[in-house]
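1. would you be able to build a 3D model of this:
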Amino acid sequence: MSRSQLNLISHTDNKSCIRLGLTLKRSFQLFLIQVYIPCSMLIIVSWLSYFLHPVRSATARMGVAVSALGLAVFGVTLVNTSLLPRASYNKSIDYWTGTSLTLILFALIEFVIVNYLNQYVRCGSFSTRDLKQTHHQDTSDAAEQQAPLNPSGDDKFSSQQTISQTGTNNKLGAALDVACRILIPILFLVFIILYWLILT
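-> Numbers count the residues shown, from 1 in each chain. Predicted coordinates for the structure are as follows:
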């Protein structure tokens with residue numbers, strides 16, 4: 001705040017008055033501690049699900065993603081009700097919190113996709129194992145009984161198709177995890193740079 005004295009000259013007389021200047025400064029430190037750093041920490045915690053095994057650590061992976069999303073939603077709601085004024089337009093901090101929630105939600109969606117692929121793989125592996133055990137336990141009488149049912153060797157073709165389909169799904173789920181481990185942090189870093197250059 002600055003204050004200075006000056007003279008106001010009018011048509012009738014000369015009056016002295018005081019000019020007051022106000023300089024407004026944004027309280028960045030408060031939002032840094034209560035919004036930016038907690039959201040960044042929750043985003044990083046959600047990345048841990050990309051490094052957990054989708055089958056052996058499925059419960060832990062789901063717990064990490066759901067917990068991070070729940071804490072983020074609670075924190076954003078608390079910030080909007082207590083710190084930020086109500087406005088009919090989008091503020092710059094709204095873009096930050098919205099992007100944070102989107103990245104954390106994507107970690108949960110990615111887990112669901114990978115888990116679905118792994119369940120399909122497990123079913124395929126189970127069918128392949130049953131086919132192999134059946135072929136090993138067959139006697140000559142069982143082979144003669146099965147020969148009229150599948151004269152063209154459809155079981156062998158089905159088994160090979162299941163194996164190839166299983167390998168494809170395994171590679172797809174693993175590639176999706178690896179891609180998220182690399183691309184999502186890069187995407188978040190690009191968003192941080194653009195956010196501080198454009199919206200702040």
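2. from here on, contacts and neighbour counts on C-alpha atoms
-> OK.
3. before we move on, what SS does residue 20 have?
-> In three-state terms, and counting by DSSP: H, G, I helix; E, B strand; the rest coil, residue 20 is strand.
4. check residue 90 too.
-> Here residue 90 is recorded as coil under three-state DSSP.
5. now the phi/psi pair for it, please.
-> Per-residue torsions, residue 90: phi -80, psi 130 (degrees, to the nearest 10).
6. count of neighbours near it?
-> Using other Cα atoms under 10 Å, residue 90 is surrounded by 8 other residues.
7. cool, residue 174 as well?
-> 16.
8. and what of the one 10 residues further on?
-> By the measure other Cα under 10 Å, the count of residues near residue 184 is 16.
9. in a helix, it, correct?
-> Yes: the assignment for residue 184 (three-state DSSP) places it in a helix.
10. that one: what's it in contact with?
-> Contacts for residue 184 (Cα atoms under 8 Å, 6 or more residues apart in numbering) come out as residue 103.
11. now do residue 63 against residue 49, distance only.
-> Taking Cα to Cα, to the nearest Å as the measure, residue 63 falls 9 Å from residue 49.
12. and the two? Which one has more around it.
-> Using other Cα under 10 Å, the more surrounded residue of residue 63 and residue 49 is residue 49, with 24 against 15.
13. my guess is that one contacts residue 64, does it?
-> Yes: taking contacts as Cα atoms under 8 Å, residue 49 lies within contact range of residue 64: 6.4 Å.
14. and residue 184, how close does it get to residue 100?
-> For residue 184 relative to residue 100 (Cα to Cα), the value is 12 Å.
15. to clarify, my last question referred to residue 108.
-> Between residue 108 and residue 100 the distance is 13 Å, computed by Cα to Cα.
16. swap in residue 73?
-> Note on residue 73: its distance to residue 100, by Cα to Cα, is 10 Å.
17. neighbour-wise, which of these two wins?
-> Between residue 73 and residue 100, residue 100 has the larger neighbour count (other Cα under 10 Å), namely 23 against 17.
18. those helices in this structure, which residues are they?
-> 28-31, 37-47, 58-82, 92-137, 140-146, 154-194 (DSSP state H).
19. in the third one, what's buried?
-> Spelled out, that is helix 58-82. 58, 61-62, 64-69, 72-73, 75-76, 79 (16 or more other Cα atoms under 10 Å).
20. now the second one
-> Neighbour counts using 16+ other Cα under 10 Å place 38, 39, 40, 42, 43, 44, 46, 47 of helix 37-47 among the buried residues.
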